[in-house]
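Enquirer: here is my input; please provide its structure:
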Amino acid sequence: MLAPLAISMGDPAGIGPEIIAKAWAQRVAEGLPPFFATGDARAIAAVWDGPVEPISHPEDTNRVFETALPVLTVEDGGEIMPGIPDVEGARCALRALELAAGLVRSGAARALVTGPVSKAQLYKIGFNHPGQTEFVAERCGIAGENAVMMLAGPDLRVVPITTHVPLAAVSGLLSIELLVSKARATARGLMRNFGILKPRIVFAGFNPHAGESGAIGREEIDLIAPAIEILQSEGIDATGPFAADTMFHARARATYDAAMCCYHDEALIPIKTLYFDSGVNITLGLPIVRTSPDHGTAFNIAGKNIAEPGATIAAIRLAGEAAERRAAADA
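Expert: Coordinates of the predicted model:
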């Protein structure tokens, strides 16, 4: 029997507990694979009156999953108040993440889905990673810079080459080596996680109109074009750079499998505009499958029973599909 998926609950004061519970409630209609949550079960009870059953080991999931949401409990997160984060909740979220990641690394679970956390609260307890992606990469023995964040929707996948840095710093951080390494990892990830045998990758320009042949900037000429030449010499179907403002309409999206974007908003604005409630963050370059819903803790609506579970459902589905594809390829 296949191992279940592990879902870390995220900050217990956020919407993570609610959307995980709602995903379980829609498990049959959505055809979701068996999963269990790690975290404080009280956080779910605070926002949902459905069935929850504590488990002591991931292998208990298949026995429980049809009738109750399985929860592998970590040390409690203090006094849980939906919408009111604190450091005890951050400690609980971090323990839940560590437990879930460890179980996937050990093979007791076959993929990791991470619930939304508050980095502001995590930083208060000494968390020193830019985000969960880098934390999971470290736990997998992978340098954080070698992990690639991809945001995926039904017909759009984007990769921000730089992420949470000031826009003014982006040009100085771009290099031919960085562009090539991110695109290589993206090509491998498309093959392993999505089953795309010959991935098509396009690069968005850094400047308006992709620089207009150097008239509005030289990043396209000095960095992106040479990176594309290297990738093409390696047999990777890479093209561009193209003007970002014409890359994301429906006809354009049909011509590529992933878009490499120079900075955070260049990638996230189109994916969140098109798939705000169903976008998935999948980390490429790891020895495990890791996904997460492409949204935050939404403390402002926590406990109000209005959080949409669509992105979490999509993250669970993609994690299961990617794990199956990897297992089939390895076999």
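Enquirer: burial of Ile84, as a residue count?
Expert: 12 (other C-beta atoms under 10 Å). Where you see a C-beta, it was placed from the backbone N, CA and C, and this is true even at glycine.
Enquirer: can you give me the pLDDT of it?
Expert: With respect to pLDDT, Ile84 scores 89.
Enquirer: wasn't it part of a strand?
Expert: No: judged by DSSP: H, G, I helix; E, B strand; the rest coil, Ile84 forms no part of a strand; its state is coil.
Enquirer: do you know how far the residue of the chain positioned farthest from its centre is from His209?
Expert: Going by C-alpha atoms, centre = their mean, the residue of the chain most distant from its centre is Ala215, 36.3 Å out. For Ala215, the distance to His209 (C-beta to C-beta, to the nearest Å) stands at 8 Å.
Enquirer: separation between the residue farthest from the centre of the chain and Ile224?
Expert: 16 Å.
Enquirer: repeat for Val170
Expert: Val170 is 13 Å from Ile224, where distance means C-beta to C-beta.
Enquirer: look at the two and report which has more neighbours.
Expert: Remark: of Val170 and Ile224, Ile224 carries more neighbours, 26 against 18, as counted by other C-beta under 10 Å.
Enquirer: got a list of what that one touches?
Expert: Leu179, Phe203, Gly205, Phe206, Gly240, Pro241, Cys262 (C-beta atoms under 8 Å, 6 or more residues apart in numbering).
Enquirer: what's the pLDDT at the last one?
Expert: Put plainly, it is Cys262. 97.
Enquirer: which residue is the nearest non-sequential neighbour of it?
Expert: Of all residues not flanking Cys262 in the chain, Phe206 sits nearest, at 4.4 Å (C-beta to C-beta, 6 or more residues apart in numbering).
Enquirer: tell me who's in contact with that neighbour.
Expert: Val170, Ser171, Leu174, Gly217, Glu219, Glu220, Leu223, Ile224, Pro241, Cys262, Tyr263.
Enquirer: keep only those of the residues you listed that are in strands.
Expert: Among the contacts of Phe206, DSSP state E puts Pro241 in strands.
Enquirer: can I assume Arg218 is in contact with Gly211?
Expert: Yes: in this structure, Arg218 is within contact of Gly211 by C-beta atoms under 8 Å, at 6.8 Å.
Enquirer: between these two, which one's more packed in?
Expert: The neighbour comparison of Arg218 against Gly211 (other C-beta under 10 Å) goes to Gly211, with 21 against 14.
Enquirer: tell me the pLDDT at Glu212?
Expert: For Glu212, the model assigns a pLDDT of 92.
Enquirer: burial count for it?
Expert: Residues lying near Glu212 (other C-beta under 10 Å) number 13.
Enquirer: for the record, mean pLDDT for the helix or strand containing Pro17?
Expert: Taking DSSP states H and E as the definition, Pro17 sits inside helix 16-25. Mean pLDDT, computed over helix 16-25, is 96.
Enquirer: which SSE is immediately downstream of it?
Expert: Following helix 16-25 in sequence order, the next helix or strand is helix 27-30 (DSSP H and E).
Enquirer: buried set for that following helix?
Expert: Arg27 (16 or more other C-beta atoms under 10 Å).
Enquirer: next, the angle from the helix or strand immediately after that helix in the chain to helix 16-25.
Expert: Note on helix 27-30: by DSSP H and E, the next helix or strand toward the C-terminus is strand 35-39. Orientation of strand 35-39 against helix 16-25 (axes from the mean of the first three to the mean of the last three C-alpha atoms, to 10 degrees) gives an angle of 160 degrees.
Enquirer: phi, psi for Ser292 please.
Expert: The phi/psi pair for Ser292 (degrees, to the nearest 10) reads phi -160, psi 150.
Enquirer: same check, this time on Glu53
Expert: phi -130, psi 120.
Enquirer: list the beta-bridge partners for it.
Expert: Beta-bridge pairing of Glu53 under DSSP bridges involves Pro70.
Enquirer: show me where the chain has its helices.
Expert: For the chain, the helices defined by DSSP state H cover 16-25, 27-30, 41-45, 61-64, 87-106, 119-124, 132-139, 170-173, 176-194, 219, 225-233, 250-253, 264-274, 310-330.
Enquirer: and those helices: which comes nearest Val74?
Expert: Closest approach to Val74 among the helices of the chain (C-beta to C-beta): helix 87-106, 4.3 Å.
Enquirer: can you pull the buried residues of the closest one?
Expert: Counting neighbours by 16+ other C-beta under 10 Å, helix 87-106 gives 88-101, 103-105 as buried.
Enquirer: now do that helix against helix 16-25, angle only.
Expert: Using the same axes, to 10 degrees: helix 87-106 against helix 16-25 is 40 degrees.
Enquirer: tell me how far helix 87-106 is from the chain's mean position?
Expert: Taking C-alpha atoms, centre = their mean, to the nearest Å, one finds the center of helix 87-106 at 16 Å from the center of the full chain.
Enquirer: for it, what is the average pLDDT?
Expert: 94.
Enquirer: list the contacts for the most centrally placed residue in the chain?
Expert: The residue lying closest to the centre of the chain (C-alpha atoms, centre = their mean) is Asn281, at 2.4 Å. Residues counted as contacts of Asn281 (C-beta under 8 Å, 6+ apart) are Thr133, Met149, Met150, Leu151, Ala152, Thr291, Ser292, Pro293, Asp294, Ala315.
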